[in-house]
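> quick one: sequence and predicted model below, then my questions.
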Amino acid sequence: MVTIIPALLLAANGLPPLLTSLAALLGTYLASASASVFNHLLDADLDQVMNRTRDRPVPSGQVSPQGAFAFGSALGVASLLVLYNWTTPLATTVAFLANAFYVLGYTLCLKRYTDQNIVIGGAAGAVGPLIGWAAITGTIGWPAWVLFGVIVLWTPPHFWALAIKYKNDYATANIPMLPVTRGDEATRRQIFAYTLTLIPPIIALFSFGAAGTFYLVTSLAATLYFCWKAWQLYQKHDNSGAMPVFHYSCLYLFAIFGSLTIDRLLGGFL
Amino acid sequence: MHQYSEHERADFRRFSKLLTWAASLTFGLICLGSLVRASNSGLSCPDWPLCYGKAVPLFDTHIFLEWFHRVVAASLACLMITAGVKLIRSRLLRRLFTIQLSASAALLSIQIVLGGLTVLKLLDPATVSAHLINALLFFTVLVWMAMRAHSLATEPDTQEHIPTPLSIRAGFITATFLMFVQIGIGGTVSSRYAGLACPDFPTCNGSFMVPPNLPQALQMLHRGFALLLFIYTCCLSTFGSRIRLPSSARRAVRLVPLLVLAQIGLGMINIYFSLPIWASALHLANAAALYSLLLLASIDLLAQRKGYHHGAISRHNSAAEGGKRFVAQLPTTH
């Protein structure tokens, strides 16, 4: 959700129309909710086995599969209606494709069969900027793609840090997350590598004129700190630093998109 | 269950291999036919069965594609004749496969005649559509026969036996049938040049109402059916993924909805970019792949239907079986 706002500002080159913005936010929210419900439905058997997820409504039996299917479909249709009526057809299409890819591509196909599941599936969660931009202009500008890329590259360190902590849970459910398939050491190394890949796109937004100095200073600092924490995790050769990296990764995304928002609201003043 | 000797099973194995090659060749032939149509090469040889009066003509791209299609079809016919000879010489095979092999031989003969008529009647729409539908019918019988031979060749102990509820079996068979129908509709869209009848998507000239003229109506029927198939296969996968299924049905549950989505994408590309050859060719090839996945699953489910008890739904669902095997074969990690 947060990822949509800067795209709205960038695409509108100022303050975006309120109705369109709200529709983009609501529509995306409904689409992700729909995707999430279908994911719960399809992964109910895995969720039952894992401690972290066994109290979810479908695996715990509080919601029937048919009920979940109906609810998920209703949310999905609602998201399409909201987006189609108050934003553009492109934004609607992107939201639908992301939803479909998450459910059919990631949940049904990738998740149980490859440890690159979240790397590829991450694309589904990265479409916020694309939807925001498309909602305003009906096309997708390059800064939206850069932001999309940032989220895609951020996804592996975010989820793998979590997966390190819950490795046994995932192993019990036979989900091939990286710590299960290639071990903690390889996972820590790859987390660090991915944080490094965040630096070029972050800088690119500034160098190619989409954002100003305030954004550059704040985001670069946040990114370098992220790399530093990942480096510490790697150097320690144990898992004590995994959850701090995970918690910071959540904060990091807020920092990047927040600083971009503020930068644009200030009109590149700083 | 009849127990076959090792020698008899070896016979079945060889027969099954031959039929599997034939089925794979048929699949390739359907994809090739798609390419011939997409590249407008259907009439590049004005005569039939020779091309410009020769067995091997002077080639350009179009002539080559049409000629190659005929050559592969001829190879398939040779394979089927070989299967026929094997059948005639074996009492066991005669007893078990005469009807099916005769049916597929008849269908292949019809297909060859239709192929000739397609050229001689200058791509008459009904003939082109019939050529595709008959190809699918032949493919269906052939695959069924190949799978029967394969299951006869494997020892009963090593075979999968996973009975499933009637609703799932009916669901898969319906999906297979719907896919067959949709391919028929798509073939008619193509043969009547209705691919670009509607300038926009998903509406037709701005409206969702059924248009008054045939090409546009066909186009909208095709799109409507695609939506129906998308919803139907998603439902099937959602509920099918919750129970234990034979491996072919597991595969279908995983891949079919995604491929249907890709198919819709290809359809949209065909519209927005005015039938680029690669997209048009892939559209039927992908459809054939979808049909194959569903057909294999349906046949397997029907073969393994005996012995299902309600309440026997396993906690570890069909997709988890595959994931378990994947993780189990990885080198041990710390």
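That came in fine, so what should we check first?

> does the residue of the stretch 1-150 of chain A found nearest chain B belong to a helix or a strand, and which?
Relative to chain B, the nearest point of the stretch 1-150 of chain A is residue A:112 (3.5 Å; Cβ to the nearest Cβ). Every C-beta, even on glycine, is put in place using the N, C-alpha and C of the backbone. Using DSSP states H and E, residue A:112 sits within no helix or strand.

> which parts of the stretch 1-150 of chain A sit against chain B?
Taking Cβ under 8 Å from any Cβ of the partner chain as the criterion, the neighbours of chain B within the stretch 1-150 of chain A are A:38, A:41-42, A:44-46, A:48, A:65, A:69, A:100-101, A:103-105, A:108-109, A:112-113.

> just the buried ones from those residues, in ChimeraX syntax?
Entered in ChimeraX, the line below selects the buried ones among those, by 16 or more other Cβ atoms under 10 Å in any protein chain shown:
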select /A:38,41,42,44,45,46,48,69,100,101,103,104,105,108,109,112,113
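
> look up phi and psi at the closest residue to residue B:198 other than its chain neighbours.
The shortest distance from residue B:198 to any non-neighbouring residue, by Cβ to Cβ, 6 or more residues apart in numbering or on different chains, is to residue B:204 (3.8 Å). With angles defined as degrees, to the nearest 10, residue B:204 shows backbone torsions of phi -120, psi 110.

> please apply the same query to residue B:51.
phi -120, psi 110.

> could you check the pLDDT of the residue of the stretch 1-150 of chain A closest to chain B?
According to the predicted model, the pLDDT of residue A:112 comes to 84.

> and the gap between the residue in the stretch 51-200 of chain B positioned nearest to chain A and residue B:207?
With Cβ to the nearest Cβ as the measure, residue B:200 is the residue of the stretch 51-200 of chain B nearest to chain A, at 10.4 Å. Applying Cβ to Cβ, to the nearest Å, the value for residue B:200 to residue B:207 is 10 Å.

> name the nearest residue to the residue of the stretch 51-200 of chain B closest to chain A, sequence neighbours excluded.
residue B:206 (6.8 Å).

> show me the contacts for residue 214.
Using chain A. The neighbourhood of residue A:214, defined by Cβ atoms under 8 Å, 6 or more residues apart in numbering or on different chains, consists of A:259, A:262-263, A:266, A:270.

> ah, no, chain B please
Contacts for residue B:214 were tallied using Cβ under 8 Å, 6+ apart; they are B:192, B:194.

> swap in residue A:147?
For residue A:147, the set of contacting residues under the criterion of Cβ under 8 Å, 6+ apart consists of A:3, A:6-7, A:128-129, A:205, A:257, A:260.

> how about the helix or strand harbouring it as PDB, C-alpha atoms only?
Secondary structure assigned from DSSP H and E places residue A:147 in helix A:142-165. This file holds the C-alpha atoms of helix A:142-165, laid out as PDB (Å, rounded to 0.1, in the frame of the first residue of the first chain):
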ATOM      1  CA  TRP A 142      10.300   4.200 -15.900                       C
ATOM      2  CA  PRO A 143      10.500   5.400 -12.200                       C
ATOM      3  CA  ALA A 144       7.600   3.000 -11.500                       C
ATOM      4  CA  TRP A 145       9.600   0.100 -13.000                       C
ATOM      5  CA  VAL A 146      12.700   1.100 -10.900                       C
ATOM      6  CA  LEU A 147      10.500   1.000  -7.800                       C
ATOM      7  CA  PHE A 148       9.100  -2.300  -8.900                       C
ATOM      8  CA  GLY A 149      12.700  -3.500  -9.200                       C
ATOM      9  CA  VAL A 150      13.600  -2.200  -5.700                       C
ATOM     10  CA  ILE A 151      10.800  -4.300  -4.200                       C
ATOM     11  CA  VAL A 152      11.700  -7.400  -6.200                       C
ATOM     12  CA  LEU A 153      15.300  -7.200  -4.900                       C
ATOM     13  CA  TRP A 154      14.200  -6.400  -1.400                       C
ATOM     14  CA  THR A 155      11.900  -9.500  -1.200                       C
ATOM     15  CA  PRO A 156      14.500 -12.200  -0.900                       C
ATOM     16  CA  PRO A 157      16.500 -10.700   2.000                       C
ATOM     17  CA  HIS A 158      13.200  -9.900   3.700                       C
ATOM     18  CA  PHE A 159      11.700 -13.400   3.500                       C
ATOM     19  CA  TRP A 160      14.900 -15.300   3.900                       C
ATOM     20  CA  ALA A 161      15.700 -13.500   7.100                       C
ATOM     21  CA  LEU A 162      12.300 -14.700   8.400                       C
ATOM     22  CA  ALA A 163      12.900 -18.100   6.900                       C
ATOM     23  CA  ILE A 164      16.100 -18.500   8.900                       C
ATOM     24  CA  LYS A 165      14.200 -18.100  12.100                       C
END
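
> so whichever helix or strand comes after that helix, near chain B or not?
Sequence-wise, the next helix or strand beyond helix A:142-165 is helix A:167-172, with elements assigned using DSSP H and E. Yes: using Cβ under 8 Å from any Cβ, helix A:167-172 reaches chain B at residue A:171.

> and if you look at stretch A:237-251?
No: judged by Cβ under 8 Å from any Cβ, stretch A:237-251 and chain B are separated, with a smallest distance of 11.2 Å.

> run the chain-centre distance for that stretch.
Centroid displacement of stretch A:237-251 relative to its chain, using Cα atoms, centre = their mean, to the nearest Å, is 17 Å.

> what's the neighbour count on residue B:222?
A count of neighbours around residue B:222, defined by other Cβ atoms under 10 Å in any protein chain shown, yields 20.

> could you list the buried residues of the helix or strand containing it?
Secondary-structure element containing residue B:222, defined by DSSP H and E: helix B:214-240. If you call a residue buried by 16+ other Cβ under 10 Å, then helix B:214-240 has these buried ones: B:215-223, B:225-226, B:229-230, B:232-234, B:236-240.

> domain map for the chain?
Just so you know, I chose chain A. A:1-139, A:141-270 (automatic domain parsing).

> try again with chain B
Chain B breaks down into these domains under automatic domain parsing: B:7-156, B:160-329.

> what about residue 184, neighbour count?
You didn't say which chain, so I picked chain A. Other residues within reach of residue A:184 by the criterion other Cβ under 10 Å amount to 21.

> wrong one, I was asking about chain B
With neighbours defined by other Cβ under 10 Å, the count for residue B:184 comes to 16.

> what sits closest to it if chain neighbours are left out?
Taking Cβ to Cβ, 6+ apart as the measure, residue B:184 lies nearest to residue B:133, with 5.1 Å between them; neighbours along the chain are not counted.

> what is the burial count for the one you found?
Applying other Cβ under 10 Å, we find 17 residues neighbouring residue B:133.

> now residue B:8
A count of nearby residues for residue B:8, using other Cβ under 10 Å, gives 16.

> look up phi and psi at it.
With angles defined as degrees, to the nearest 10, residue B:8 sits at phi -70, psi -40.

> tell me the pLDDT of it.
What the model reports as pLDDT for residue B:8 is 89.

> can you pull the contacts of it?
Listed by Cβ under 8 Å, 6+ apart, the contact set of residue B:8 reads residue B:92.

> how close does it sit to residue B:14?
Going from residue B:8 to residue B:14 by Cβ to Cβ gives 11 Å.

> ok, back up a step: the helix holding residue B:222: how far from the chain's middle?
With Cα atoms, centre = their mean, you get 17 Å for helix B:214-240.

> just checking, next helix/strand downstream of that helix?
Towards the C-terminus, the helix or strand next in line after helix B:214-240, according to DSSP H and E, is helix B:247-272.
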